[in-house]
Every structure is written in C-alpha cells, then in structure tokens.
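Participant: Okay, predicted coordinates and the sequence, questions at the end:
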Amino acid sequence: MLERDVCGFFCGIRGHAYCNQKTPSIAAGMDEQALLGLNPNADSDFRQRALAYFEQLKISPDAWQVCAEALAQRTYSDDHIKFFCFQVLEHQVKYKYSELTTVQQQLIRETLVSWLQAQMLNPQPEKTFIRNKAAQVFALLFVTEYLTKWPKFFFDILSVVDLNPRGVDLYLRILMAIDSELVDRDVVHTSEEARRNTLIKDTMREQCIPNLVESWYQILQNYQYTNSEVTCQCLEVVGAYVSWIDLSLIANDRFINMLLGHMSIEVLREEACDCLFEIVNKGMDPVDKMKLVESLCQVLQSAGFFSIDREEDVDFLARFSKLVNGMGQSLIVSWTKLIKNGDIKNAQEALQAIETKVALMLQLLIHEDDDISSNIIGFCYDYLHILKQLTVLSDRQKANVETIMLAVMKKLTYDEEYNFENEGEDEAMFVEYRKQLKLLLDRLAQVSPELLLASVRRVFSSTLQNWQTTRFMEVEVAIRLLYMLAEALPVSHGAHFSGDVSKASALQDMMRTLVTSGVSSYQHTSVTLEFFETVVRYEKFFTVEPQHIPCVLMAFLDHRGLRHSSAKVRSRTAYLFSRFVKSLNKQMNPFIEDILNRIQDLLELSPPENGYQSLLSSDDQLFIYETAGVLIVNSEYPAERKQALMRNLLTPLMEKFKILLEKLMLAQDEERQASLADCLNHAVGFASRTSKAFSNKQTVKQCGCSEVYLDCLQTFLPALSCPLQKDILRSGVRTFLHRMIICLEEEVLPFIPSASEHMLKDCEAKDLQEFIPLINQITAKFKIQVSPFLQQMFMPLLHAIFEVLLRPAEENDQSAALEKQMLRRSYFAFLQTVTGSGMSEVIANQGAENVERVLVTVIQGAVEYPDPIAQKTCFIILSKLVELWGGKDGPVGFADFVYKHIVPACFLAPLKQTFDLADAQTVLALSECAVTLKTIHLKRGPECVQYLQQEYLPSLQVAPEIIQEFCQALQQPDAKVFKNYLKVFFQRAKP
C-alpha cells in the first residue's frame, strides 16, 4: 500500500486540457449566432457561446482584421458588437502586437484613425462605454508605437478632430487613457514598462506638451460657455497632466484667469476647483509655491469665495474645501522646507500666510456638512503640528486652538438621522469621519493638554448635571470625550489616576460623576454603550475608589447591560463585562458568588428544540463562561471550594451534552442534525473557554479542578465516534484537547490514543490538516513520554495522509488542489516536529523499508513539489536527520542515502525553473538547503568534500574552478558566508 502511496504522493496539478482542434481562421466573417450572446438580455447559452467565441478570436491569427474591418466600415450598428470588436483589437495590441507584420500594424493604425474620422460625421455620438474602450485602444497603441513608429500621434489625432465637439470629446478621452497608462499608481507596471513610460513622458515634454497645452487652452476658450461637458473633461485632463508637465505652461496669467473665470460658472466650478487643486498640489520651490498660493487666494477672496456662509451649494463647497486644504497644506510644506533650509525671513512670511487662512479653515471645519468638514481636516491637523513646534503661542494662536477644540467637540456629535439599529453607508462614513476627528483631538492634546482637559471637563460636567433633560447625542458625546482622553493623554499601563495630581484629580472627578450620576439608565443605546466602554477603559479608577464597583456590576448585570432590550448592547456588554472582571479580579472576591448566581440563566445551553430565544448568542456566551472561569480561578477560596464552583459551572454542560448526543444519534432530518451538532459544539466550546482562566500561577492542579476537566473529556470524547456531523463535532473536541494538553498536562495522555484512533477514521484532507497540529503539540510538549504512542500511530497516520492525497480530484478543482497542498505541508510539519523533538527513533523503529519510503517522500518534497514553504520544511528535516544519523555510528546505509539522495536534492531543487530566487519564501528554503549541506560536511568531513569535488559536481558539468570555489565556501566556518555564496552559485547556474 505504502509503495503506491509514495509513488502518488507528489502528483501535481496537471495543466488544463485544451482541444486539439486547429486554431480557426475567421477570414470568412464573424459568427453571427455567437454575437447574439453579447446582448445583456440574451439567455445563458448564448452568453456562454459569445464568451467562448471571444476566447476563440483572441487566439485566432486573423480575427482582429475582421473586427478592424467591421469598425472601419461600420458594418454593425449594435453597440455591444462594436464594443466586442474593440475588445478583440485591445487584446491584439496589448498581448500580440509584436507578432504582426509592419503592414498589419499599419492597418491597425489606419483603422483607428478612419474610425475616428467617421465619428466626426456620425449623426449620433457613440455610447460612452464604446468611446472609453476606443480611447483605451488608442492609448495602448500610443504607448507601444509613440517612441518608434508613430511619433506624430498627437498631430495626427488633432488634425482629424480639429475643434469638432465630438472629436474633442474623443481626443480628451484618449489623453485621460494615456495618462492612466503612464502615471496611474493603481496600475502595476513591470520595471521595463516603468522605464518605457518615463521615456515616453520625457519625449512628450520635449516634443509635444506645449502643443497639447495650447490645444487645451483653445478647447476651454471655445467651449466654456457652449459645451460644459467638453469643458469639464478638458479641465480634468489639465488637472491630470499638470502633475508631470512644466507647471509654467499652466500656472500663468491666461490659464489661471480662465480657471478663475470658470469658478464663477455653476456647471464648471467644481471641475475648475479640482483643476486648481492639482496645480496647487504640484511640487515646486517653496517660495514660488507660496507666491502662487497667495496670488490665488487674493483673487478667490476678492471674488467672494471666502464668504462660506453665503454659499448654498454643498457639492461645490466640498470641492472648495479640498482646494483650501491643498493650499493650506502646500503653505505648511513650504514653511517646513524653509525652516529646514534656515530661511527664517521667508519662513516667517509662510507662517503669516498660513495664519491668514485659519479663519477660513475654521469656517469649513465647523460646517454642518461632514464632507466639507472632512476635506479640511488635513490642513487643520498640519497647522496644529506647526503650533506644537513653536516654543510660545500668541494669543491669536491659543484662541485658534480653543476654536478647533470646540469645533471637534461639536462635530463629534451624532445627528438625528443616524440609524443605530441598521447602520448603512452613511453611518459608516460618519464613523470614519469620527476617526479623523479623533486624530485632531489627539493632536490638540499634544499642543495643549491642559486646555483639552479643562474643555472636556467643562462640557462633561455641565452635560451630566442635567443628563435627564439633555438630548442623547449631547450626552453620548460628553461621555465619548472622556473616553477619548484616555488615548489623547497617554500614560503607561492606564495609570491615569496617579502621577500628575491635577490631571488625575480631574479624571477621577469625571469618572466619579459618570458612575454616580445614574446616566447608565439613559434610554438610548449609544449612551449605554459609551458608558460601559468608558468604565472599562478607566478600570484603574476602581482600584482607587473600589466603593463604586457594586453599582457598576449591577449596571452590567441588569436591564442596562446583559439584559438590555438591544441585542447589540447585550453582545458588546458581554465582552466588556469579561474585560472588566479580568482587569479587576483582585477586587472581585466579595461579589463572586452573587455574580455567578446572577449570570446562571445566561450560561444555559439553548437546545434547538425548545424554541427559547436566549438573551445572548453563543459567541457572547463564550465571554460569560470565560468570566465565570476567571471569577472562580482568581478567587481567594480554597481549592475545594473552587472545584465545587467549577463543577457547578460545567456539570449542566456535561449533562446537556450527553442528552443532545443521544438525540443526534437518533435524528433523521439533516437540518435537525446540524442544529444539534452546533449545540454540542457550543457546549464543548464553553467548557474550553472556562479553561482560559488558568495560568502558570493558578494551574488546574492548584485549583483542584483537574477532576472536573477530566470528566469533561470523558463526556466529550464519545462525540468522536458519532457518524453524523463529523466535521463540526471533531473540530470542537479537537480544540478542547488542545486546551487540555496545556491545562491538564500528562493527565490528558491516557485519552489521546483512542481520540486519535477515532479522528483518523474516514478522514478528509481538512480533518487531517487539523489533526496533525494536535499530534505536533503532544510530541513537542511530552517528547519521550509519548514515544510508544507515536511509534504505534505513525504508520496509520501516514496511511491516512497518503490515502487522502491519492484520491482523484477534478483537474480544475482549485480548492481540492489547495487542500492537498496544505495537507502535504502538515505532513512535513509533523515529520519536522518528530525529528526536532529528539524523537527520531519513532521513524527509525518503523522498519528499514518504511523508513526509506518516508525519507523518499521528504526528498521528493524538497525537489519535485514547487512549494517553497514545504521545501523549506523538508530541508530542515533532512539537516536534522543528517545531524542525528549522519555520523560514523549512524544507521546502516544512511551514509549512502546522504550521497545518493540528500546531496543531489540540495542541487536539483534550486536548479528547477520553479525555484524562484526572487521570492522571499524560496530564499528561506535555499537557506535551509545551505544548512543541510553544511551539516553533511560537519558530519562527514573531508569525505563529503571529496565526493563533491570528484564525483557529484563534475557529473553536473560544473567547471573545475567553480567546484574549487564551491568547496572552499562550504568549508568556511561562518555558515552565513556559505548561504550567501549558495544563492550566487545558483543564480549563475540558472539560464
């Protein structure tokens, strides 16, 4: 059996099966039936046929000509067929252009130009998606041909389109597509493409950019009052290109004056704003940038754009806010550079320029529309960073800090429309906006912590004095501000209530107010959640004033927390309650039994058939079980009491488990089986979770709880032999065993053999993959203690692994292939654990024939399977075996195996084409390969060098001087030297 296993072990993924039919010629014309499938309303058969036809056309040598002809002669009126033809041309230009003859390449150029000419005469323009696709094909052809065969590309395009609005539209789309090909950072380019793109941009700057800029100016001048769509497109082009062309071509009086004129035209001003933003954003000399921004600001201010309160168009204001943000940040960059260069005079001017924009910034920050406010936060943040660097703040700057602080506090507030029960996109955007405001608050704390603390205290105290009559959003933000102070005013280990007396006193006062004011009873989920979040954030307060613990515990346990009407509040509170109890476990002793009694009903396992909807989900119950465990384990009770409490906690689970397992064995309906298995899995999970309370100081043994957990093991293990719902049951019990290996240590060992036997029955790849880490954990932890068990189950485990790996799978089944890959990795990880734990006798005692076969799989894993993670593990196993068995007193025949198999593996693996030395994981595999060779040399000495010099390396046709060099590097005492050499050796050896 094993022989067949070994032979099939490394069956890789075979290539896709392709039809042997010859590539069809399309010269006769297009398949009209297949084209019907391009219609979005076509049925699936037609659509499949169309897709297959497209693939066929892509590999056909002449299909593109039929498509080119169809476009040039306007054969088809159907938009989807036109788009299809462009797609075929796009594929040809992108992937197969170099295969075409000069005449064929000329034909593609002529086709596109004649198509463009036809657009000037069409009664109706093409659909937008066709124009965009055409522009992409033009752009691809441009980047391919501009430097060589088509240097007059833009001249040819412009001579066709002139100032025809349809032609201009396409010209501008082509320019955007070219910009996307050349500079779009979202497009991943090879280093060769990046070099080509740089050369294209340099050539364009020399040869045609001034002409293009002139064409843009003419377009803007001609169409600004008559065709807003074309004008906006042109502004977008200017904004895109300005980042990489000479700025003086755009940042001059005639262009800027025109753009400023557009700022007053309603349909153009948003795009004009964006264009000005790109101009301002362009990198340049700090003094020049300052002059540019200042001149822009003067014109904008005199035109009335700074009067925010008069502007009602929020979409425009959002763009304008982005522009102001760009101008402000540009001035700050200039100031930073000037300070760095020691140019104090100009730096002072830059700071003055920044200060004059702050009033406008504040207006935009406080605007009721969050998009407008959000767009200015960058400027605000950077401005505060400047203030942080100044040694003394002026009164004006202090006032600015306070205004920003008040603005942040106001803008943090929820609005009436926020939907807490069903949060959608708008709510998600506000949450993100709040995160930005939090960064501002943190920065404010760095500039003036005393002012922030005083401001928050003032808002907090006045709000909580009258919380009963205050709107929920104001109460929530008051508590939220207190919560945010914890990060804004950082301390080590949450020690907010010691050290700086005034700060500690202020925070202590606010926390006292929070827990005694009764605000935890506020009837809104946002306030309730903020209350509990803040209580847990400042848990150290309760070590200073422990008298408040009982009232907070009651809030957690009653209708305000774990029994709240909102599932969202109950769920979050379960987690926070667990954190609260864990952090204050020393203060919990007086309340333990009371808490355990009060949470009794929350611990109940809800079987599927009783129809009772429990207050907490099973995930939430995990936190409650963990909390119960923490309370018991960390209590000051004697071991007997701890054991009794733990038994009280876990016995109901065990009893329910037995009943439910019996019901599952009898269940006929698959849905019912699944729900019962889920419930059983939860029971095991809850028991597992209680064990997280134990630590090195409080072990299971010291707490007297071993017996309880052993009872749990005996209760849960029978689930492994249940033939129904195996995946979920095995997964739960396996996790429990992992925990028990840690908690019970050797007391768990008697249960392992029978558990393993059950888990190896009827295995799937995933089962084995998850079982092997359990065996690895046992092996690494108990080592020699489990040697007899490992020797007994070693071959059955290998048989199970190989049996799964040999199962046939569909050739294109990627998930099955991935599962097998992961199982191979797990298999090698198992062998690595066995050898690395000093347990090589487990392998050695399997009989010579089996040992050799196992070793062959390791060699194959190192060489034949293109998976660097597995290869690395295989080389680690090999070097360990050489270390253990490679000396003079090693097993008979192992030295031969080293020279016949291990040494060749160290060369054959890196020489494979799939062994990619540019890949980080592969380099790690090579590093272990080097360790293996070094270990062989260490164990076999001069004999190894002689074998390499006289036999093996000459058989690979390695030049004598390289052999000499290799052997010298191998004999270097520093292993790192040899690792580095080996990489260079194989880089040179590969073609």
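Facilitator: Structure received.

Participant: three-state assignment of the residue nearest to the spatial centre of the chain?
Facilitator: Nearest to the geometric centre of the chain sits Asp186, at 16.3 Å (C-alpha atoms, centre = their mean). Under the three-state scheme (DSSP: H, G, I helix; E, B strand; the rest coil), Asp186 adopts coil.

Participant: From Asn197, how far out is it?
Facilitator: Shown here: Asp186 relative to Asn197, a distance of 14 Å by C-beta to C-beta, to the nearest Å. Quick note: C-beta positions are derived from backbone N, CA and C, even for glycine.

Participant: for Gln352, same thing?
Facilitator: Distance of Gln352 to Asn197, computed by C-beta to C-beta: 41 Å.

Participant: low-confidence ranges in the stretch 751-900 of the chain?
Facilitator: For the stretch 751-900 of the chain, no stretch has pLDDT under 70.

Participant: residue ranges of the helices in it, please?
Facilitator: Taking DSSP state H, counting those that start in this stretch, the helices of the stretch 751-900 of the chain run over residues 752-759, 765-782, 787-805, 814-836, 840-844, 848-863, 868-885, 894-897.

Participant: what's the answer for the stretch 451-600 of the chain, then?
Facilitator: With helices called from DSSP H, counting those that start in this stretch, the stretch 451-600 of the chain shows them at 472-488, 501-516, 525-537, 541-544, 549-557, 567-583, 592-598.

Participant: Contact partners for Arg205?
Facilitator: For Arg205, the contacting residues are Ile245, Asp246, by C-beta atoms under 8 Å, 6 or more residues apart in numbering.

Participant: Report the buried residues of whichever helix or strand it is part of.
Facilitator: Per DSSP states H and E: Arg205 is located in helix 191-207. Within helix 191-207, the residues that count as buried by 16 or more other C-beta atoms under 10 Å are Arg196, Asn197, Ile200, Lys201, Met204.

Participant: out of those residues, which one sits closest to Ser492?
Facilitator: Checking the buried residues of helix 191-207 against Ser492 by C-beta to C-beta gives Asn197 as the nearest, at 49.6 Å.

Participant: Can you give the contact residues for stretch 748-758?
Facilitator: With C-beta under 8 Å, 6+ apart as the test, stretch 748-758 has contacts from 713-714, 717, 720-721, 733, 737, 740-741, 771, 775, 778, 782, 785-786, 789, 792-793, 797.

Participant: buried subset of the residues you listed?
Facilitator: The neighbour-count test (16+ other C-beta under 10 Å) marks 713, 717, 720, 733, 737, 740-741, 771, 775, 778, 782, 786, 789, 793, 797 as buried among those.

Participant: Looking at these, spot the one nearest Val519.
Facilitator: For these, the nearest to Val519 is Met740 (44.2 Å; C-beta to C-beta).

Participant: Just give me the closest of the buried residues of helix 191-207 to Trp244.
Facilitator: Comparing the buried residues of helix 191-207 against Trp244 with C-beta to C-beta places Lys201 closest, at 5.9 Å.

Participant: The closest one contacts Ser243, correct?
Facilitator: No: the pair Lys201 / Ser243 is not scored as a contact, 10.6 Å apart, by C-beta atoms under 8 Å.

Participant: got any residues that touch both of those two?
Facilitator: Common contacts of Lys201 and Ser243, defined by C-beta under 8 Å, 6+ apart, comprise Val183.

Participant: in whatever helix or strand Leu387 lives in, what counts as buried?
Facilitator: Here Leu387 sits within helix 377-389, counting by DSSP H and E. Neighbour-count burial for helix 377-389, counted by 16+ other C-beta under 10 Å, picks out Ile377, Gly378, Phe379, Cys380, Tyr381, Asp382, Tyr383, Leu384, Ile386, Leu387.

Participant: Now the very next helix or strand once past that helix: buried residues?
Facilitator: Scanning forward in sequence from helix 377-389 by DSSP H and E, the next helix or strand is helix 395-411. Going by neighbour count (16+ other C-beta under 10 Å), the buried part of helix 395-411 is Gln397, Asn400, Val401, Glu402, Thr403, Ile404, Met405, Ala407, Val408, Met409, Lys411.
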